[in-house]
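**Q** Sequence isn't available, so here's the structure alone:
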DNA sequence: CAGCATGTGCAAATCGTTTTGCGCTTGCCT
DNA sequence: AGGCAAGCGCAAAACGATTTGCACATGCTG
């Protein structure tokens, strides 16, 4: 029986109790008030008392209890970001941008995954409000309006990504999708494509990307051949299916603009399987500029969706309100989607 | 001048003050104690009072203040995950696994990015302790020992990813890297490779993946040709450089095991540029199974690094301690790294 | 009927800070 | 000398919950 007794769950390493401001005050021979003032600098304290307090803080290794502080000041120094799925590169990058923008002002980042469920979204919204977060970035469902507004009504600033909400305390960050897809389409036209098709998102979805496509065609005096318009479901497989349909046409396209990169990658798959050269036989451009765009062969020409900048900008909007620098009506920031030229078009 | 006056920053929509437990108690004609008991169920309250309280809660729309509760109960219902960079797929997936494991028990997820800086790591560790998180998952630097232990000494359970620390309150989740790379190497041997090379990580890094390679070779009675061993820096470009060196040899390899997928993708780049067929002329296998592995052509045969399961398991270990179900010495969980066969080998 | 357990509710203490208001001292100005 | 402002420190009241201990009523047992 060399085994240690498990009964009573002995703590081999005892937990250290945390030191409080009262203990510091006692050691320094002052009141808690004074300690607080030394630490926060909200009132000036005499030099001698100050160093006494600082010494006490040091020797005791005092660390202010963040929860108690939050309770009193009504500030949690935490911002929440609500996304469909952190696993998707777009959202993790956006989250990182947000974190980078706010970490300097001592804000932490609290992440919630909704998996696209509106129900879960409102649940998390409620949750983060109960937790007293100082700001919320909502990059989730489209039908966020109601919940978001009720959130903002508690006085917590909210930034919506991609949505458009009219409330004095919610700002919006969007990208200029029409301009991006217009540029992509013009590029296709410019390089001599005759029959330009598009693989769109599901019905009623991603309409702005379609809009830019039509606009560019009209500008160039081209008519749109309806038979060259296909719909996918944003996935690689969806792109394959759509592309197979397009290339099976009697008069297939010689260029395809895809509403996102995943579908574009599926389209490339199909082109290669059919023995077509990309971009010589069929040019392909995507939208988003995910990591995979540089990995696929040929590397994908695409429109960059600036996830990091979006998150960063959202953080800045939040900060400006939290600092009290801005308290007017809701702002809308539109970010550019530059075309990035690679090999596929 | 139809513009609204900006002076004084008028709140068009006034902030709603939050309702407190005291107001609920007053409306229901009971004491705050009773309200608390109704809500928590810690003591039974008479049916009539109970419904009175519940009605009051409903009509007032009462939501308990999470911060106040945390202060009193010393539980924040929040776990922190400290990672180098959320942007890297491995860490975002791990984080998601952690979140999924703990969300059911009402824990939120707080994310910190260290960018590999040990300094920042200890800073965040301090920060999350001040915030009173209930558990910490440390997936950051290797030299975490000191900081992590001091954290655990405050009684907060810690789970280290990939590290190995001996402390009664820190558990460890690792993967069986030697077994994974052994399987990969044996597969290469099994498919008839004669000259097997390896692209390793930087010196002193990823040694376990090298170990499995040597082990497999020894088992198969193969001797390792030192000239076929190259080092990369985990990046795609590093893989290209290493591969170029290997293929420039008088007697180049006909199979290469790469210590991670990114380098393997770089290796594939080079092979294709040299006009070699993969896997016919040179077989390639990677390690990690990142998303890109299915996108590259040919699709990469690789060893799966189970990021999601790692995060999930870490969450479960944390939970078992938080629930008080486990309080013995630190546990170590080793997860499998299955070989996933695709086209490159 | 005494005695005792059980059910039900409240007052007050507690968690660890920040912040308000007050009192004392000191020095400077007239 | 009197008056006033500024400097410095503390006591006590928040912040909004949870939890302990006590008091009272009720029902049951022997």
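**A** Here it is on my side, so go on. Predicted model, so just to flag it, every value in this text is computed and none were measured. Residues are numbered from 1 along each chain as shown, chains lettered A, B, ... in the order given.
**Q** Helices of the stretch 201-345 of chain A, start to end?
**A** For the stretch 201-345 of chain A, helices defined by DSSP state H, counting those that start in this stretch occupy the ranges A:207-219, A:236-247, A:261-273, A:292-295, A:307-322.
**Q** Would you single out the least confident of those helices?
**A** Here these differ in mean pLDDT, and the lowest is helix A:292-295 at a mean of 90.
**Q** and that one, is it in reach of chain B?
**A** Yes - contact of helix A:292-295 with chain B (Cβ under 8 Å from any Cβ of the partner chain) involves A:292, A:295. In this view, the C-beta of every residue, glycine as well, is placed from N, C-alpha and C.
**Q** Show me where chain A dips below the pLDDT cut-off.
**A** Residue ranges of chain A with pLDDT under 70: A:1-15, A:141-153, A:164.
**Q** for it, what spans make up the strands?
**A** Secondary structure of chain A (DSSP state E): strands located at A:78-83, A:108-113, A:135-138, A:158-161, A:170-175, A:196-200, A:229-231, A:255-258, A:283-288, A:301-304, A:332-335, A:339-340.
**Q** ok, residues contacting the second one?
**A** Same thing as strand A:108-113. A:77-86, A:95, A:98-99, A:102-103, A:124, A:127-128, A:131, A:133, B:78, B:95-96, B:99-100, B:103, B:108-112, B:127, B:131 (Cβ atoms under 8 Å, 6 or more residues apart in numbering or on different chains).
**Q** what about stretch A:58-78 and chain B, touching?
**A** Yes - applying Cβ under 8 Å from any Cβ, one finds stretch A:58-78 in contact with chain B at A:63-68, A:70-71, A:76, A:78.
**Q** And the helices of the stretch 201-345 of chain A: which comes nearest residue A:52?
**A** Among the helices of the stretch 201-345 of chain A, the nearest to residue A:52 by Cβ to Cβ is helix A:307-322 (34.0 Å).
**Q** Report the separation between residue A:19 and DNA strand C.
**A** 7 Å (Cβ to the nearest atom of the strand, to the nearest Å).
**Q** Would you check that that residue makes contact with residue A:62?
**A** Yes - using Cβ atoms under 8 Å, residue A:19 is in contact with residue A:62, at 5.1 Å.
**Q** Looking at these two, which is more packed in?
**A** residue A:62 (20 against 17; other Cβ atoms under 10 Å in any protein chain shown).
**Q** rewinding a little: out of the helices of the stretch 201-345 of chain A, which is closest to residue B:36?
**A** The nearest among those, by Cβ to Cβ, is helix A:307-322 at 31.6 Å.
**Q** Can you name the residues in contact with the closest one?
**A** Residues outside helix A:307-322 that contact it (Cβ under 8 Å, 6+ apart) are A:79, A:81, A:89-91, A:93-102, A:105, A:107, A:134-135, A:137, A:157, A:159, A:161, A:169, A:171, A:173, A:175, A:326-327, A:331, A:333, A:335.
**Q** Buried members of those into PyMOL, please.
**A** Command for PyMOL, covering only those of the contacts of helix A:307-322 found buried under the criterion 16 or more other Cβ atoms under 10 Å in any protein chain shown:
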select buried, chain A and resi 79+81+89+90+91+93+94+95+96+97+98+99+100+101+102+107+134+135+137+157+159+161+169+171+173+175+333+335
